[in-house]
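J.: below is the sequence, then the predicted model.
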Amino acid sequence: MNDKQIRIGYKIGGSFEDYSDNGSVGFEILFPHIYSSYEEAQKNNYRLSAQMEKQNNGEVVIVLCEDKSPVDTIHWDEWWKYKCNRIKEERKNFISVDGNTDYEPCSTKFEEIFRDYCGNKKRKVWNMEYLAYWIEPVIIMGFNWSDDEEDTHMIEGDDEFEEEK
């Protein structure tokens, strides 16, 4: 009988926002790295950064980094990897805005957002402003303690894995 177990891991989510020519645009992105505990994820939040990069073919992508090393690339059509929002037109020039009511979902292509941020400058990279983080629990399935194969979903820093195998 297959002895599969479900475990809980933790991912760090980052909120990135900045003001562009067409108002404030923000992204919420869950980073791919899975930590074995909430505390471990929390103490590693400072390692995150994100940037929009214009590729040679003109496509703009979001590159996620941990400790300044790329860990994932997000294309505009990979909508499940990010949430994007923009300040409502009528709230654009207000000094004080409400995060719950003054923003709306945004599906603008990355190329247009990049152009709004960089204007006519010949930039290839725009470093996104990291504002906040959150920790999100994720389900890790497929642990099979009876097989001799190494688990493909092993969590970094998970010392229990070797002991229980």
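T.: Perfect, thanks for sending it.
J.: sec struct for residue 17, please.
T.: State at residue 17, reduced to three classes by DSSP: H, G, I helix; E, B strand; the rest coil: strand.
J.: quick one, what contacts it?
T.: Shown in contact with residue 17 (C-beta atoms under 8 Å, 6 or more residues apart in numbering): 24-27, 128-129, 131. Backbone N, C-alpha and C define where each C-beta goes, glycine included.
J.: can you rerun that using 10 Å?
T.: Neighbour list for residue 17: 24-28, 85-87, 99, 103, 128-132 [criterion: C-beta atoms under 10 Å, 6 or more residues apart in numbering].
J.: and residue 136, by the same measure?
T.: Going by C-beta under 10 Å, 6+ apart, residue 136 touches 9-13, 30-31, 38, 41.
J.: just the element for it, please.
T.: Remark: residue 136 resides in strand 130-144, with elements defined by DSSP states H and E.
J.: re earlier: which among the contacts of residue 136 end up buried?
T.: Burial by neighbour count, 16 or more other C-beta atoms under 10 Å: within these this picks out 9-13, 30-31, 41.
J.: got the contacts of residue 136 as TSV, with distance to residue 138, secondary structure and pLDDT columns?
T.: Below are those laid out as TSV (distance: C-beta to C-beta, whole Å; DSSP: H, G, I helix; E, B strand; the rest coil; pLDDT from 0 to 100):
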residue	distance to residue 138	secondary structure	pLDDT
9	5	strand	94
10	7	strand	96
11	5	strand	96
12	11	strand	97
13	11	strand	96
30	8	strand	96
31	11	coil	97
38	11	helix	96
41	10	helix	96
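J.: average pLDDT for the helix or strand where residue 111 lies, rounded please.
T.: Assessed by DSSP H and E, residue 111 sits inside helix 110-118. Taken as a whole, helix 110-118 carries a mean pLDDT of 89.
J.: for stretch 18-27, same thing?
T.: 81.
J.: now flag whichever of the contacts of residue 136 is closest to residue 109.
T.: residue 30 (21.0 Å; C-beta to C-beta).
J.: list the contacts of the closest one.
T.: Contacts for residue 30 (C-beta under 10 Å, 6+ apart) come out as 11-14, 64, 72, 80-83, 134, 136, 138.
J.: how far is the one helix or strand residue 26 maps to from where the chain is centred?
T.: According to DSSP H and E, residue 26 maps onto strand 23-30. Distance of strand 23-30 from the chain centroid (C-alpha atoms, centre = their mean, to the nearest Å) equals 10 Å.
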